[in-house]
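K.L.:
when you get a sec, could you give me coordinates for this:
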Amino acid sequence: MSLASPVTVVRETRLDPRFPLSGGELRALCETLLDALGLDGRTFSLKLVDDREIARLNREFLGCTGPTNILSFPAHDPDDPELPGDEGAFLGELALSVDTLARETDLYGQTPLEHLARLLAHGLLHLAGFDHGEIMFDMTDAAVDRALLEHGGAA
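P.N.:
Residues are numbered from 1 along each chain as shown. Now for the predicted structure:
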């Protein structure tokens, strides 16, 4: 693990007691996911928000009503398929609703760590320019498998 974390975590809400990781563990999970997705050396920002804030962001930026689990705000032009290749290149910002994470963990019968890793991997792939589809889903599954192997004891 590098000395400087590739993720800046901004907590804008209280965390549900079921939230699976401390700040340091969350940063380590993000680093694992970046590496598993072939995005090592890149950086991003992660805002932990509540349902009210994610619903506001969802309405303001996507025109959708209600809360969602994670939103991705890429830093690069989505019409340009090339990501910045520089070490430390900023991918963008993710906003994750900790309320929806807790609710969906129960709904989908996943551990909090597994669902968190899945949402983060999914969001990171959107920051990297991927759209929904088989390739994105396969990459997400592989990244989640690796995260569970490396961080499974943190759940």
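K.L.:
do a quick rundown of the helices in this structure.
P.N.:
23-36, 51-57, 98-108, 112-127, 134-151 (DSSP state H).
K.L.:
ranking those by burial, who's on top?
P.N.:
helix 112-127 (a mean of 24; mean count of other CB atoms under 10 Å). Yep, even glycine has a C-beta here, placed from its N, CA and C like the rest.
K.L.:
how about the helices of the chain, which one is nearest residue 91?
P.N.:
Nearest to residue 91 among the helices of the chain is helix 112-127 (4.1 Å), distances taken as CB to CB.
K.L.:
which residues touch residue 148?
P.N.:
113, 114, 117 (CB atoms under 8 Å, 6 or more residues apart in numbering).
K.L.:
for residue 38, state which of these is nearest.
P.N.:
Using CB to CB, those come closest to residue 38 at residue 117, 16.1 Å.
K.L.:
can you tell me which residues contact the closest one?
P.N.:
Per CB under 8 Å, 6+ apart, neighbours of residue 117: 29, 33, 143, 144, 147, 148, 151.
K.L.:
ok, residue 95 next?
P.N.:
Per CB under 8 Å, 6+ apart, neighbours of residue 95: 47, 49, 53, 54, 57, 70, 71, 73.
K.L.:
now distance to residue 134 too, for the residues you listed, in TSV please.
P.N.:
Below are the contacts of residue 95 laid out as TSV (distance: CB to CB, whole Å):
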residue	distance to residue 134
47	29
49	30
53	32
54	27
57	28
70	20
71	23
73	25
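K.L.:
hang on, the earlier thing: with distance to residue 12 and mean pLDDT added, can I get the helices of the chain in TSV?
P.N.:
Shown next, in TSV, are the helices of the chain (distance: least, CB to CB, whole Å; pLDDT from 0 to 100):
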stretch	distance to residue 12	mean pLDDT
helix 23-36	14	93
helix 51-57	6	97
helix 98-108	10	92
helix 112-127	16	95
helix 134-151	24	95
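K.L.:
determine which of those helices approaches residue 65 most closely.
P.N.:
helix 51-57 (7.6 Å).
K.L.:
show me how far that closest one is from its chain's centre.
P.N.:
Put simply, helix 51-57 sits 16 Å off its chain's centre (CA atoms, centre = their mean, to the nearest Å).
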